[in-house]
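Colleague: With the input below, show me the fold.
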Amino acid sequence: MPKHEENATAPEPTQSDPELLALVRAGQPFAFRLIMRRYNRRLYRIARGIVRDDSLAEDVLQEAYLLAFRHLDDFNGKSTFSTWLTRIVMNEALGRLRKAGRTPEVHLGEEGLPGRVLDFPSGAALDNPEITMAQRQILKLVEAATDELPEEFRIVFIARVIEEMTVEETAELLSLKPETVRSRLHRARAVIRGKLDRMIGPIAVDAFPFAGWQCEQLTERIMRQLFPR
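Modeller: The predicted model follows:
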């Protein structure tokens, strides 16, 4: 792939994945930066859901991006690009568990491919330290309860509830039947509900985030490796 200086005119964030991929393949580094920014949060959550460690999840994500960039020609469009990218992250995370002697419980089937930052309410809530503290405490409980789920349930829960993927997207990602996804999600919710009672609610969407300076630092590290000056 030819190397070029980053184009000063970056595409709009609304450009589709195929459009960004075409730019990356044409040697435009800024397009890969936009891809990373688009998927950092989802992929970090998935990685952390498997390895259950913040720093290790970052390492997994960085290595997965490098692998994805080096093997872009292997993407054949049979699945969506986001699914292909997520499977690379999952394989990398599962590989880390195996190297550490931890037996992973998640299996991708034949289609598998080769300090924490939390989001909190904006606006008036930020002016109320008691509300902010309560949100932090609840998010920690959600994270802890999610970490305690059996791995096969945890990944489904993160994909469906925290990342808000559809049943069909989750089924494709994990090579499961949709009814299996529904069953595991029901079981995961029941377990967490027993631990948190009514605390789960809509705040689960903010658990395991990956944004702001942490996301940008990872993006810049990868860009320096892929496109050294």
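Colleague: What number of residues are in the vicinity of residue 29?
Modeller: By other Cβ atoms under 10 Å, 19 other residues sit near residue 29. Placement of C-beta: from N, CA and C, glycine included.
Colleague: what's the answer for residue 179, then?
Modeller: 10.
Colleague: Show me which helix runs longest in this protein.
Modeller: As assigned by DSSP state H, the longest helix anywhere in the chain is helix 29-51.
Colleague: Out of the helices and strands in this structure, which is least certain?
Modeller: Between all helices and strands in the chain, the lowest mean by mean pLDDT, DSSP states H and E belongs to helix 129-147, at a mean of 66.
Colleague: all helices for this structure, in order.
Modeller: Under the criterion DSSP H, the chain carries helices at the ranges 17-25, 29-51, 54-70, 81-99, 129-147, 151-157, 167-174, 178-196, 212-226.
Colleague: helices or strands next to the longest helix of the chain in the packing?
Modeller: Under the contact definition 3 or more Cβ pairs under 8 Å, 6 or more residues apart in numbering; DSSP states H and E, helix 29-51 sits against helix 17-25, helix 54-70, helix 81-99, helix 151-157, helix 212-226.
Colleague: Minimum distance to residue 140: which of those has it?
Modeller: Taking Cβ to Cβ, helix 54-70 is the member of the helices and strands packed on helix 29-51 nearest to residue 140, at 12.7 Å.
Colleague: can you list contacts of the closest one?
Modeller: For helix 54-70, contacts defined as Cβ atoms under 8 Å, 6 or more residues apart in numbering pick out 24, 32, 36, 40, 43-44, 47-48, 50-51, 84-85, 88-89, 91-93, 96, 114-116, 214, 218, 221-222, 225-226.
Colleague: Which among these count as buried?
Modeller: The neighbour count (16 or more other Cβ atoms under 10 Å) marks 24, 32, 36, 40, 43-44, 47-48, 50-51, 84-85, 88-89, 91-93, 96, 214, 218, 222, 226 as buried among the contacts of helix 54-70.
Colleague: give me the low-pLDDT residue ranges for the protein?
Modeller: 1-13, 102-139, 196-214, 227-229 (pLDDT under 70).
Colleague: how many neighbours does residue 55 have?
Modeller: Residue 55 has 11 neighbours, counted by other Cβ under 10 Å.
Colleague: Hmm, I typed the wrong one, I wanted residue 177.
Modeller: 11.
Colleague: didn't it look like it was pressed against residue 171?
Modeller: Yes - the pair residue 177 / residue 171 is scored as a contact, 6.3 Å apart, by Cβ atoms under 8 Å.
Colleague: Pull out the buried residues from stretch 19-39.
Modeller: For stretch 19-39, by 16+ other Cβ under 10 Å, it's 20-21, 23-24, 28-36, 38-39.
Colleague: With stretch 145-157 instead?
Modeller: Neighbour counts over stretch 145-157 (16+ other Cβ under 10 Å) mark 145-146, 149, 151-157 as buried.
Colleague: what two of those residues are the furthest from one another?
Modeller: 145 and 152 (16.1 Å).
Colleague: neighbours of the nearest residue to residue 37 once chain neighbours are set aside, just the number please.
Modeller: Distances taken as Cβ to Cβ, 6 or more residues apart in numbering put residue 219 closest to residue 37, at 6.2 Å, once the chain neighbours are dropped. Neighbourhood size, residue 219 [other Cβ under 10 Å]: 19.
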